[in-house]
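Q: after the sequence you'll find the predicted model.
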Amino acid sequence: MQQSEKFPAGGRPQTRNDLRTWVRDHLHLSTSHQSALLAAIDNVFTRHERLWQESKHEAIQALSAGFAEKMARVKTELSAKDATVSSISRYFEALVADLTDKSHRDPKTKLMNFGRFTEQLEAFLAFEQRGRWSAIGLVDITGFKWYNDALGHAVGDRIIERVAQLLREQVRSDDLIAQERLGAHSNELHARLGGDEFCFLIPDLGQYRKAYAVAERFREAVERYDWTLEDRRLEAQPVRVDVGVVGLWLGRIAERRFIGRRLAADLIQRADKLMYEAKGERASHIYLQCVRIHEGVLVEIADGEQPHREYVSELSDHPSR
């Protein structure tokens, strides 16, 4: 066989086995010298293979270290971006919550505005499961125009803010209170950001007489306050309030589930009428009317009436007018 056939690449050995064959075929050495030479060749190959493996391992380590460093850098950058996105998200969530809250509150008194109050009242009437007594009332500052005209709008504003604070201090955690103003037409109920009227909802009362007690608590809180702290001129004419309250027997939810809006408007109108009637009765300052729902409309529960057994025991000693 020709050498070129054994070693196609120009007749030169290409592998360790090729070199061993070439030594045996071309170097006529004694057996001992041939073995020594082949052993030396093996040692050289083995050393170079080990060095190559070490170099490859070091290269892989260096590559891995560089990759790990790059991944750590990318992770840090992503974390920073996530933190930024999260911060932006929290900012906008807080902004939306703040704007929503401001849209629901009167900026002067920080009470719920009338629009939000009516929404809550409508939902309460449509979905409240407990068929017990509740109270819807309107509170008005007696003779407020005189304070504005005689003492100035700055004093009038302080009176409104103080009355709002006093009413807020009297409500329970489940009660709703809102500043309000009725529109010119009976079917247009709009909140007013100023004004001297407030409305409240007491959602759960054990008996209708407690509605009157709530109104009395509001009235007394305003009367007990030392109004000279707001302006010394108020000593001559301290602030008073008039209250109109409607005590509602909720009854069965089926009677009101789909008429919450109409019931809410009727209740507020009744409370408004009672409040103005209370203004003409200086000895009282509070008017109360008790109603129930009958065939989709509110009907007054008169003294001595014998209605459903659920509330007949509640109607003795009616303190309405």
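A: Looks like it came in fine.
Q: only C-alpha atoms for contact and neighbour calcs from this point on.
A: OK.
Q: run a quick neighbour tally on residue 160.
A: Neighbours of residue 160 under the rule other C-alpha atoms under 10 Å: 21.
Q: which element is it on?
A: Under the criterion DSSP states H and E, the helix or strand holding residue 160 is helix 153-170.
Q: what lies in contact with that helix?
A: 108-109, 111, 144, 147-148, 177, 179, 195-196, 198, 217-218, 221-222, 230-231, 239 (C-alpha atoms under 8 Å, 6 or more residues apart in numbering).
Q: narrow those to just the buried residues.
A: 109, 111, 144, 147, 177, 179, 195-196, 198, 218, 221-222, 239 (16 or more other C-alpha atoms under 10 Å).
Q: so for those, which is the shakiest by pLDDT?
A: Sorting these by pLDDT puts residue 179 at the bottom of the list (62).
Q: now, the contacts of helix 153-170 that are in helices?
A: Judged by DSSP state H, helices contain the following of these: 144, 147, 148, 217, 218, 221, 222.
Q: report the contact partners of the fourth one.
A: Going back to what we said before, that points to residue 217. residue 170.
Q: ok, now residue 125?
A: 250, 256, 257, 260, 263, 264.
Q: next, format the residues you listed as JSON lines and append pLDDT.
A: As requested, the contacts of residue 125 are exported to JSON lines (pLDDT from 0 to 100):
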{"residue": "250", "pLDDT": "92"}
{"residue": "256", "pLDDT": "92"}
{"residue": "257", "pLDDT": "88"}
{"residue": "260", "pLDDT": "91"}
{"residue": "263", "pLDDT": "95"}
{"residue": "264", "pLDDT": "94"}
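Q: among these, which one has the most neighbours?
A: residue 256 (24 neighbours).
Q: stretch 246-256 spans what distance, first to last residue?
A: Criterion C-alpha to C-alpha, to the nearest Å; first-to-last residue distance in stretch 246-256 is 17 Å.
Q: check stretch 248-255 too.
A: 13 Å.
Q: what's near enough to touch the nearest residue to residue 293 once chain neighbours are set aside?
A: Nearest residue to residue 293, sequence neighbours excluded (C-alpha to C-alpha, 6 or more residues apart in numbering): residue 299, at 6.2 Å. Counting by C-alpha under 8 Å, 6+ apart, residue 299 touches 291, 292, 293.
Q: ok, those vs residue 14, which is closest?
A: residue 293 (106.4 Å; C-alpha to C-alpha).
Q: was I right about the closest one contacting residue 253?
A: No - taking contacts as C-alpha atoms under 8 Å, residue 293 lies outside contact range of residue 253: 10.3 Å.
Q: quick one, which of the two is more surrounded?
A: residue 293 (18 against 15).
Q: pull up the gap between the more buried one and residue 86, please.
A: On the measure of C-alpha to C-alpha, residue 293 and residue 86 end up 50 Å apart.
Q: after the helix or strand containing residue 43 comes which helix or strand?
A: According to DSSP H and E, residue 43 maps onto helix 31-103. Scanning forward in sequence from helix 31-103 by DSSP H and E, the next helix or strand is helix 114-127.
Q: tell me the mean pLDDT for that following helix?
A: 89.
Q: after it, which helix or strand is next?
A: Assigned by DSSP H and E, the successor of helix 114-127 is strand 133-141.
Q: what strands flank that following strand, and is each parallel or antiparallel?
A: strand 197-205 (antiparallel), strand 241-249 (antiparallel) (DSSP bridges).
Q: got these as JSON lines, with distance to residue 44 columns?
A: As requested, those are arranged in JSON lines below (distance: least, C-alpha to C-alpha, whole Å):
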{"stretch": "strand 197-205", "distance to residue 44": "97"}
{"stretch": "strand 241-249", "distance to residue 44": "105"}
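Q: which of the ones you listed sits most buried?
A: strand 241-249 (a mean of 27; mean count of other C-alpha atoms under 10 Å).
Q: neighbours of the residue nearest to residue 242 when sequence neighbours are not counted, how many?
A: Distances taken as C-alpha to C-alpha, 6+ apart place residue 285 nearest to residue 242, at 4.6 Å, with adjacent residues excluded. Counted by other C-alpha under 10 Å, the residues lying close to residue 285 total 25.
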